[in-house]
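1. Sequence and predicted model, in that order:
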Amino acid sequence: MSPEEQARQSWQSSALPPQLPSLQQVKRQAAMVHRRIRGWYSLQYFAVAIGVVLAVIIAYASPSPVERFGQIAMLIGFLVSGWLLQRQSSLQPLPETETVQSLLEYQRRLLSRQRAFLLKKMMWIMMPALPGCLIWSGAPFITALVAGSGWPRLQEAFLPIWFILCFLVVGYWRTRSLARRMQRGIDEIDRLQAE
Amino acid sequence: MNRGPSSQDDQYRDAANAFGPAIARLARGYEADAELRRDLEQEIHAALWRSFAYFEKQCSLRSWVYRIAHNVAVTHIQRSRRVRGEGLQTLEATEELAAPDNPEAETGEAQLVARLLATIHRLAPADRQVMLLYLEDLTAAEIGEVTGLSATAVSSRIHRLKALLAKPYSDKEIG
């Protein structure tokens, strides 16, 4: 085989560097992450709205002034949570220069910001509703103490406490699991970029 | 004539399947930086897809794909040359295959490809085109069709190229 034939053959059979996914795939993926995070925020807003409506109904229907006060505090807490959520949820638009690299960078920024939010701020966003929730759960005891009557039955007091516990445990578990999922997305992007 | 989008998509898909690896090698010949190479490859694919809107089979599909790819790649290196201020040389001025960036890491065939790449990256656009097309097994006539060079110009460059590729072997024999 002549040298030039050998060179041609070596050139044509030379290993190519590993390929990134196609632009279309990355675009689809970036748009999906964008949509998913937006959907997740919508769900949070919806939960806040439900909280507000329930707090208003319970406050209106409750015969006890302490319970009513607790519900109003919860209502204010939910509104503060909604405001905190709104401050966080401003999503960057998709980049104008659509190359695989710029879209991957964008996706990574989105996921990192969201992960940091979930791990560091999400529990704080849930906290404003907590004081009202505690007052609400303590209302039967406070009422009994003020009126000088006997302690309420435990199951009456347990309902709000269970509500608070579920609220915190589910919130904590959900934020952690979402943060882990986002970390997996970040790891995948890092792996692609390293190639 | 503007073709329907599905016909354009189908033509692009067929071309990308048939010439995808060649386009990747070509991008590697034009751009050493991995990130910029990916961008270049995408630019070529995008241009190729657009080109099928007006492809009238005035030449073979192979020549068409290479023509589009080389036009995009030449624009790319002209742009990066302005930015990076790289000095390029002609095939005539190239005495022997350049040493690769990391010769210790390369062995046998890989070293030959690394030397080829190092040489290609130093060449001026017109010579680079001929070199890459020659390595992809295009005939002199096809190279002329893609590059717009005359048959004589292509033949003289190929002659020089063959000598350049044969030099390491002849040196070995003398040594």
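-> Here it is on my side, so go on. Numbering: from 1, shown residues only, chains lettered A, B, ... in the order given.
2. List the contacts of residue A:142.
-> Counting by CB atoms under 8 Å, 6 or more residues apart in numbering or on different chains, residue A:142 touches A:66, A:135. Backbone N, C-alpha and C define where each C-beta goes, glycine included.
3. got the buried residues for the host helix or strand of it?
-> Per DSSP states H and E: residue A:142 is located in helix A:130-147. Buried residues in helix A:130-147, counted by 16 or more other CB atoms under 10 Å in any protein chain shown: A:132, A:133, A:134, A:135, A:136, A:137, A:138, A:139, A:140, A:142, A:143.
4. Repeat that for stretch A:119-132.
-> Buried residues in stretch A:119-132, counted by 16+ other CB under 10 Å: A:119, A:122, A:125, A:126, A:128, A:129, A:132.
5. Walk me through the regions of chain B where pLDDT falls short of the threshold, as ranges.
-> Counting by pLDDT under 70, the ranges of chain B that qualify are B:1-6, B:81-109, B:167-175.
6. still on that earlier bit, out of the buried residues of helix A:130-147, flag the one nearest to residue B:44.
-> Nearest to residue B:44 among those is residue A:133, at 59.9 Å by CB to CB.
7. what about residue A:35, distance to chain B?
-> 23 Å (CB to the nearest CB, to the nearest Å).
8. mind checking which helix or strand that residue is in?
-> Assigned by DSSP H and E, residue A:35 falls in helix A:23-61.
9. Name the surrounding residues that touch whichever helix or strand comes after that helix.
-> Downstream of helix A:23-61, the first helix or strand assigned by DSSP H and E is helix A:65-88. Here helix A:65-88 makes contact (CB under 8 Å, 6+ apart) with A:41, A:44-45, A:48-49, A:51-52, A:55-56, A:58-59, A:62, A:117, A:121, A:124-139, A:142-143, A:146.
10. got the angle between helix A:65-88 and helix A:23-61?
-> Angle, helix A:65-88 to helix A:23-61, by axes from the mean of the first three to the mean of the last three CA atoms, to 10 degrees: 160 degrees.
11. next SSE after helix A:65-88?
-> Next element after helix A:65-88 (DSSP H and E): helix A:100-116.
12. quick check: angle from that next one to helix A:65-88?
-> Using the same axes, to 10 degrees: helix A:100-116 against helix A:65-88 is 160 degrees.
13. Could you figure out how far the helix or strand encompassing residue A:170 is turned away from helix A:23-61?
-> Counting by DSSP H and E, the element that carries residue A:170 is helix A:154-194. Orientation check (the same axes, to 10 degrees): helix A:154-194 against helix A:23-61 gives 160 degrees.
14. Please work out the average pLDDT along helix A:154-194.
-> The average pLDDT for helix A:154-194 rounds to 77.
15. from the middle of its chain, how far away would that helix be?
-> Chain-centre distance of helix A:154-194: 8 Å, with CA atoms, centre = their mean, to the nearest Å.
16. Could you see whether chain B lies near it?
-> No: using CB under 8 Å from any CB of the partner chain, helix A:154-194 stays clear of chain B, coming no nearer than 8.9 Å.
17. counting contacts, what elements does that helix pack onto?
-> If you count contacts as 3 or more CB pairs under 8 Å, 6 or more residues apart in numbering or on different chains; DSSP states H and E, helix A:154-194 packs onto helix A:100-116, helix A:122-126, helix A:130-147.
18. Please give the number of neighbouring residues around the closest residue to residue A:121 other than its chain neighbours.
-> Counting by CB to CB, 6 or more residues apart in numbering or on different chains, residue A:121 lies nearest to residue A:88, which is 6.7 Å off, once chain neighbours are set aside. Applying other CB atoms under 10 Å in any protein chain shown, we find 15 residues neighbouring residue A:88.
19. just residue B:56 next, same as before
-> So residue B:56, with other CB under 10 Å, has 8 neighbours.
20. From residue B:134, how far out is it?
-> If you measure residue B:56 against residue B:134 using CB to CB, to the nearest Å, the figure is 27 Å.
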